[in-house]
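S.K.: structure, please.
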Amino acid sequence: MSLEQTLKVFIEENLVRDKSSGPVANDESLLARGVLDSLGLMNLIAFIEEKTGLRISDDEVMLENFETIDAIVATIDRVRGGRGAGSA
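M.R.: Below is the predicted model:
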């Protein structure tokens, strides 16, 4: 499963409160949809660190880096330094 798919499954299964609103698009704002709040962000970061073995620094924890699934993937790739991009 790709990193994008892994993130999408985690977000839809653990953070989306209104399951009737359909799947989350990769470019959809998680904040505007009400999916991501401060506790959700911390859970998401913990999940990312566990799945990737990376440490997300406090400097990377900005709303724009976690606004969409695409932004999250780009943030992870940047933290990785480009190595192994796109795989979980």
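
S.K.: in the chain, which residue is closest to the centre?
M.R.: Most central in the chain under Cα atoms, centre = their mean is residue 72, positioned 4.6 Å from the mean C-alpha point.

S.K.: sec struct for it, please.
M.R.: Three-state call for residue 72 (DSSP: H, G, I helix; E, B strand; the rest coil): helix.

S.K.: my guess is it meets residue 7, correct?
M.R.: Yes: using Cβ atoms under 8 Å, residue 72 is in contact with residue 7, at 5.9 Å. Just so you know, the C-beta spots here come from the backbone N, C-alpha and C atoms, and that holds for glycine as well.

S.K.: what do these two both touch?
M.R.: Listed contacts common to residue 72 and residue 7 are residue 48; contacts here mean Cβ atoms under 8 Å, 6 or more residues apart in numbering.

S.K.: ok, the residue nearest to the centre of the chain to residue 53 distance?
M.R.: For residue 72, the distance to residue 53 (Cβ to Cβ, to the nearest Å) stands at 16 Å.

S.K.: and if you look at residue 8?
M.R.: Per Cβ to Cβ, residue 8 is found 20 Å from residue 53.

S.K.: compare these two and say which is more crowded by neighbours.
M.R.: Using other Cβ atoms under 10 Å as the criterion, residue 8 and residue 53 rank with residue 8 on top: 18 against 8.
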